[in-house]
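Q: this one's sequence-less:
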């Protein structure tokens, strides 16, 4: 991580088992059925925010207990861009606390199963209406091999996922998406619709690399040129002429 | 149909039960599990091609017994564009006959479940390689609410489906897609990549209208202006800026 200039000042190490998630992927590797979630050391984790993190340009609240997400948000000077992840475990177990977080974030990034559970409807347009009415300004719904949808008050953006010859391990695709997405926003510091759309493509590009190999192996040797090249492939993949 | 200037010269009526398909849609209305397929009058159906149909500009071989599809193809002067549909019933029951048809068509239009069964792989890129190696020049894979992928030797095109506030009945979405797709090709009589991409969007537009109401109700009162307006919405839905 240091070789990629990642600031590790906030990293803590604790005794105990790491967080464990156990799931089963379906035949087409798209949907994972959660079999078991063990918080382990996360159970007693309270993020300690280093002084150097107190005035962030932007903030991504990772997938932890919504009460802790709120603590983190309240212990820094509120940046202009706050995004948030969550999962069924919290949607089911800490619904009220989660809504308190969502009222304070700009962007919620979740998968379609989580969106349907949070919005309590099978139709994603209805789900988006409900979630946007109560909380974030932008809702990004990840659909695995089917791509991404982004909803806000005014419009919808939809992109397919990049078709891959080989998918070795879909684990971490969602997190890699969030990383690429936030990385692009950080580089431009804007929340315009055009920026968000490009950030979604960067997120999709990063996720598409991640699933091609196990663990972080593909990301380790990824170059900026690889990323830009696949971004352009994405443009070719999705392009069609408008009516004249 | 006459009010929409559809040539009914080839329409036949026979005594007996019509074709029946029985299926169950999942919670999110995307995938249908086939419970029962009864050919009924289709069992003994042999298409009689009227003289006026013998030199078509283009040909769409609907979802019937592949031996009959071949009969139809051989009883007309081969047009420059031949497309074809099929279903699991034929993929499982008449695989060899189906491959004989596929060797002679330009475009195969099927859904993802059918594509995986025909190509015998869970990965659609691998599936496409196998199918294109043995048959059609273009493979279009319909993925319901997740959109469409088109594969040919050189490239892939991907489009999401149009997000709808209400989906009342997904039955017939695939056929409506094929209608819109072929309709656009007929209006331009070209198989260029750009034309095919636009045709896929027209197909997606038509399917999106079809599922908004039961039966053909939405199509009955559809205008050219409705169609073009949704096409433009599709462009806005999927647009993002390329890297500079």
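A: Looks like it arrived, so ask away. Please read all numbers here as calculations on a predicted model, not as lab measurements.
Q: list the helices and strands the longest helix anywhere in chain A packs on?
A: For chain A, the helix that runs over the most residues, judged by DSSP state H, is helix A:193-210. With contacts taken as 3 or more C-beta pairs under 8 Å, 6 or more residues apart in numbering or on different chains; DSSP states H and E, helix A:193-210 sits against strand A:148-152, strand A:156-159, helix A:173-188, helix A:217-220, helix A:224-238. The way it works is simple: take the backbone N, C-alpha and C, and place the C-beta from them, glycine included.
Q: Dump those into CSV; add distance to residue B:111, mean neighbour count and mean pLDDT as well.
A: Shown next, in CSV, are those (distance: least, C-beta to C-beta, whole Å; neighbours: other C-beta atoms under 10 Å in any protein chain shown; pLDDT from 0 to 100):
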stretch, distance to residue B:111, mean neighbour count, mean pLDDT
strand A:148-152, 20, 23, 97
strand A:156-159, 19, 24, 98
helix A:173-188, 24, 20, 95
helix A:217-220, 30, 15, 94
helix A:224-238, 20, 15, 98
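Q: so who does residue A:91 touch?
A: Residue A:91 makes contact with A:98, A:114, A:117-118, according to C-beta atoms under 8 Å, 6 or more residues apart in numbering or on different chains.
Q: which among those gets closest to residue A:167?
A: Nearest to residue A:167 among the contacts of residue A:91 is residue A:114, at 20.8 Å by C-beta to C-beta.
Q: Now the closest one: which helix or strand?
A: For residue A:114, the element it lies in under DSSP states H and E is helix A:112-119.
Q: Quick one: residues contacting the spatially most central residue of chain A.
A: Nearest to the mean C-alpha position of chain A, by C-alpha atoms, centre = their mean, lies residue A:178 at 3.4 Å. Residues in contact with residue A:178, defined by C-beta under 8 Å, 6+ apart, are A:60, A:83, A:85, A:109, A:203.
Q: Name the nearest of the residues you listed relative to chain B.
A: Checking those against chain B with C-beta to the nearest C-beta, the nearest one is residue A:203 at 11.8 Å.
Q: Leaving out the residues flanking it, which one is nearest to the closest one?
A: Using C-beta to C-beta, 6 or more residues apart in numbering or on different chains and skipping the chain neighbours, the partner closest in space to residue A:203 is residue A:181 (3.5 Å).
Q: Repeat that for residue A:100.
A: residue A:70 (6.1 Å).
Q: and residue A:213, what is it in contact with?
A: Listed by C-beta under 8 Å, 6+ apart, the contact set of residue A:213 reads A:168-169.
Q: How is it assigned, secondary-structure-wise?
A: Of the three states, residue A:213 takes coil under DSSP: H, G, I helix; E, B strand; the rest coil.
Q: Tell me where the model's unsure across chain A.
A: Along chain A, the model assigns pLDDT under 70 to residues A:27-30.
Q: Tell me which residues touch residue A:7, please.
A: Applying C-beta under 8 Å, 6+ apart, the residues near residue A:7 are residue A:52.
Q: For it, pull up the helix or strand it's in.
A: Residue A:7 is part of no helix or strand when elements are defined by DSSP H and E.
Q: ok, now how distant is it from residue A:50?
A: Per C-beta to C-beta, to the nearest Å, residue A:7 is found 9 Å from residue A:50.
Q: With residue A:86 instead?
A: From residue A:86 to residue A:50 the distance is 24 Å (C-beta to C-beta).
Q: When those two are compared, which one has more neighbours?
A: residue A:86 (23 against 12; other C-beta atoms under 10 Å in any protein chain shown).
Q: Quick one: residues contacting the more buried one.
A: The contact partners of residue A:86, by C-beta under 8 Å, 6+ apart, come to A:63, A:66, A:98, A:101, A:108, A:110, A:114, A:118.
Q: Give me the buried subset of those.
A: Neighbour counting over the contacts of residue A:86 (16 or more other C-beta atoms under 10 Å in any protein chain shown) leaves A:63, A:66, A:98, A:101, A:108, A:110, A:114, A:118 as the buried ones.
Q: ok so, going back, residues in contact with the helix or strand containing the residue nearest to residue A:100?
A: If you go by DSSP H and E, residue A:70 is part of helix A:66-74. Helix A:66-74 is contacted from outside by A:45-47, A:49, A:59, A:61, A:82, A:84, A:86, A:90, A:94, A:97-98, A:100-101, A:104-105, using C-beta under 8 Å, 6+ apart.
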